[in-house]
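Engineer: generate a structure from the sequence data that follows.
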Amino acid sequence: MSALENLPEIDNGLLRFLTCGSVDDGKSTLIGRLLFDSKTILADTLNAIEKTSARRGMSAVDLSLLTDGLQAEREQGITIDVAYRYFTTGRRKYIIADAPGHEQYTRNMVTAASTANLAIILVDARKGVQVQTRRHSYLASLVGIPHLIVAVNKMDLVDYDQASFERIKADYLAFAGQLGIRDVRFIPLSALNGDMIVDRGERLGWYQGPTLLEILESAPAAHTERAENFRFPVQFVCRPHDSANPELHDYRGFMGRVESGEITVGDAVTVLPSGASSRVKAIELGGVPLPKAIHEQSVTLLLEDEIDISRGDIIVKSAEAPEPVKQIDATVCWLSETPLSPARTYLVRHTTREVKARLAKIDYRLELNTLAHEPASGLAMNDIARVTLKLAQPIVADRYADNRATGAFIIIDESTNNTVGAGMIG
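Structural biologist: Prediction:
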């Protein structure tokens, strides 16, 4: 009987997690082993990688081939993107974001981390904590990933030595203390041989903690760890025109996704930035009435009063209404090869609202290797900096630490319509 079969019958909801680390730390093999040992690889896929492994003269299946498409992109110099993998254990659904390990793809790691609720940071047991380990840990902390797992991989190459693991753990904790990282767990493993991934194996008896999969199965899902304020950015105003159905003549529904919190029929709400108030008359999902809507549900809200509402407005509970702002202090990761120009006007897209913005000042640029704050007059690709932006119209924003959906934004170049920056408010 496998370790997977011993896990309790629970469903902790969808978990989005990120794998990151330095080049050649074994991310591809880890993901492959996780999929293989949890029996979530399709038979034809497994057959294909078995044949490829045999052609290469390997005695065992090369599980890193499951992500070989991304590696081929790197070898050809094609634009690098984040690779996503989807699987389920029958007890939980997962989305894995596999971030490139190269330093020049820092922007891709930020993209992958923006929706994750947990990050697995791989460390090679032979090499210990590297600069890229520190960089990825900082970025994971920066974008608000609340749970980190430091997976000390390739323990088979150090004879499963406990002292090597404890030394890496101590080094990392000293660094994590500088960043204020609170929830970090450590696990020794061998992705190549499968020790402590799904099954415990026989060579790490000195480690008494859970396997990687056991940690993933019990990790909290997004929106479950604390109460959140209700935020509903309006995407579309639904006004059907059907002469054959006069009942629809006065129908006005506001469609969007509940980014956080929940709403119930009868709740008092405020529309921002206008400040108009009303109550929820009905909630619909695909035309079916609901008594309430919760986070990440895409629904239609109907209000008791006729209010001028359009795309880009945000509906909130009246008791939780923040003040709209026309200036934001934010941490920005610059994504474009064209440097940030203080003289230019950009577009800021925040939830469903788009406003023009100018750079007011750059407080500092972060030197990722040392975490030092350096003065800067502009930003180059992959730079991370603390900035102030002035907006042409107000937005309804929360601190990123309080709400990742309404605390985040992207910066768009007006002339090319390219996304050139990503920001976190607060």
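Engineer: show me where the stretch 301-426 of the chain has strands.
Structural biologist: Along the stretch 301-426 of the chain, the segments classed as strands by DSSP state E, counting those that start in this stretch run 314-317, 325-334, 345-350, 353-367, 372-374, 384-395, 408-412, 419-425.
Engineer: quick check: buried residues in the fourth one?
Structural biologist: So the one you mean is strand 353-367. 353-355, 357, 359, 362, 365-366 (16 or more other C-beta atoms under 10 Å). Every residue, glycine included, has its C-beta placed from N, CA and C.
Engineer: quick check, nearest of those to residue 85?
Structural biologist: residue 366 (30.2 Å; C-beta to C-beta).
Engineer: average pLDDT across stretch 98-105?
Structural biologist: Within the predicted structure, the mean pLDDT of stretch 98-105 is 64.
Engineer: before we move on, what about stretch 407-425?
Structural biologist: pLDDT averaged over stretch 407-425 equals 94, rounded to a whole number.
Engineer: related to what we said a few turns ago, with distance to residue 163 as added columns, please give the strands of the stretch 301-426 of the chain in a markdown table.
Structural biologist: As requested, these are exported to a markdown table (distance: least, C-beta to C-beta, whole Å):
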| stretch | distance to residue 163 |
| --- | --- |
| strand 314-317 | 54 |
| strand 325-334 | 37 |
| strand 345-350 | 49 |
| strand 353-367 | 32 |
| strand 372-374 | 32 |
| strand 384-395 | 35 |
| strand 408-412 | 42 |
| strand 419-425 | 39 |
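Engineer: between those, which one is closest to residue 281.
Structural biologist: Between residue 281 and the strands of the stretch 301-426 of the chain, the shortest gap by C-beta to C-beta is with strand 314-317, which sits at 12.6 Å.
Engineer: ok, the buried residues of strand 353-367 vs residue 238, which is closest?
Structural biologist: Among the buried residues of strand 353-367, and counting by C-beta to C-beta, the member closest to residue 238 is residue 353, at 18.5 Å.
Engineer: from residue 203, how far off is the closest residue to residue 201 other than its chain neighbours?
Structural biologist: Computed as C-beta to C-beta, 6 or more residues apart in numbering, the closest residue to residue 201 that is not its neighbour in sequence is residue 195, at 3.4 Å. For residue 195, the distance to residue 203 equals 6 Å [C-beta to C-beta, to the nearest Å].
Engineer: on that earlier part again, to residue 157, which of the strands of the stretch 301-426 of the chain lies closest?
Structural biologist: With distances scored as C-beta to C-beta, the stretch of the strands of the stretch 301-426 of the chain nearest to residue 157 is strand 353-367 (32.1 Å).
Engineer: quick one: low-confidence parts of this protein?
Structural biologist: 1-12, 41-50, 52-54, 56-83, 100-107, 241-249 (pLDDT under 70).
Engineer: ok, and what's touching stretch 279-297?
Structural biologist: If you take C-beta atoms under 8 Å, 6 or more residues apart in numbering as the criterion, stretch 279-297 is touched by 222-223, 228, 253, 257-269, 298-305.
Engineer: and the end-to-end length of that stretch?
Structural biologist: Taking C-alpha to C-alpha, to the nearest Å, stretch 279-297 runs 19 Å from one end to the other.
Engineer: was I right about residue 350 contacting residue 409?
Structural biologist: Yes. Contact criterion C-beta atoms under 8 Å: residue 350 and residue 409 qualify, at 4.2 Å.
Engineer: any shared contact partners between those two?
Structural biologist: Overlap of the contact sets of residue 350 and residue 409 (by C-beta under 8 Å, 6+ apart) consists of 395, 397.
Engineer: higher neighbour count, those two?
Structural biologist: Set side by side, residue 350 and residue 409 give different neighbour counts by other C-beta atoms under 10 Å, the larger being at residue 409 (27 against 24).
Engineer: specify the beta-bridge partners of the more buried one.
Structural biologist: Counting by DSSP bridges, residue 409 is bridged to residue 423.
Engineer: so what touches the top helix by length along the chain?
Structural biologist: The helix of greatest length in the chain, counted in residues with DSSP state H as the criterion, is given as helix 162-179. Under the criterion C-beta under 8 Å, 6+ apart, residues 123, 125, 128-129, 133-134, 137-138, 141, 150, 152, 155, 158, 184, 186, 188, 206-207, 371 lie in contact with helix 162-179.
Engineer: partners of the helix or strand just after that helix in the sheet?
Structural biologist: Reading on from helix 162-179 to the C-terminus, the next helix or strand found by DSSP states H and E is strand 184-188. Next to strand 184-188 in the sheet, as set by DSSP bridges, lie strand 147-153 (parallel).
Engineer: for the partner strand, give me every contacting residue.
Structural biologist: Outside strand 147-153, the residues touching it (C-beta under 8 Å, 6+ apart) are 25-26, 30, 117-125, 137, 140-141, 164-165, 168-169, 172, 181, 183-191, 212, 215, 219-220.
Engineer: before we move on, what about stretch 328-343?
Structural biologist: Residues contacting stretch 328-343 (C-beta under 8 Å, 6+ apart): 106-107, 110, 142, 358-359, 362, 377-389, 391, 395, 397, 400, 409, 411, 413, 418-426.
Engineer: again, only this time at 6 Å
Structural biologist: Residues outside stretch 328-343 that contact it (C-beta atoms under 6 Å, 6 or more residues apart in numbering) are 107, 110, 359, 378-381, 383-389, 420-425.
Engineer: with just CA atoms, put that stretch into CSV.
Structural biologist: The C-alpha trace of stretch 328-343 is given here as CSV (Å, rounded to 0.1, in the frame of the first residue of the first chain):
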residue,chain,number,x,y,z
ILE,A,328,-0.3,54.9,-4.8
ASP,A,329,2.9,53.8,-3.2
ALA,A,330,3.9,50.4,-4.6
THR,A,331,6.7,47.9,-5.2
VAL,A,332,7.1,47.5,-9.0
CYS,A,333,8.8,44.8,-11.0
TRP,A,334,9.8,46.2,-14.4
LEU,A,335,9.1,43.6,-17.1
SER,A,336,10.1,45.4,-20.3
GLU,A,337,13.3,45.6,-22.2
THR,A,338,12.5,49.3,-22.7
PRO,A,339,13.4,51.1,-19.5
LEU,A,340,10.9,53.0,-17.4
SER,A,341,10.8,56.6,-18.4
PRO,A,342,9.7,59.2,-15.7
ALA,A,343,8.8,61.5,-18.6
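Engineer: hang on, the earlier thing: filter the contacts of helix 162-179 to the buried ones?
Structural biologist: Once neighbours are counted (16+ other C-beta under 10 Å), the buried part of the contacts of helix 162-179 comes down to 123, 125, 129, 133-134, 137-138, 141, 150, 152, 155, 158, 184, 186, 188, 207.
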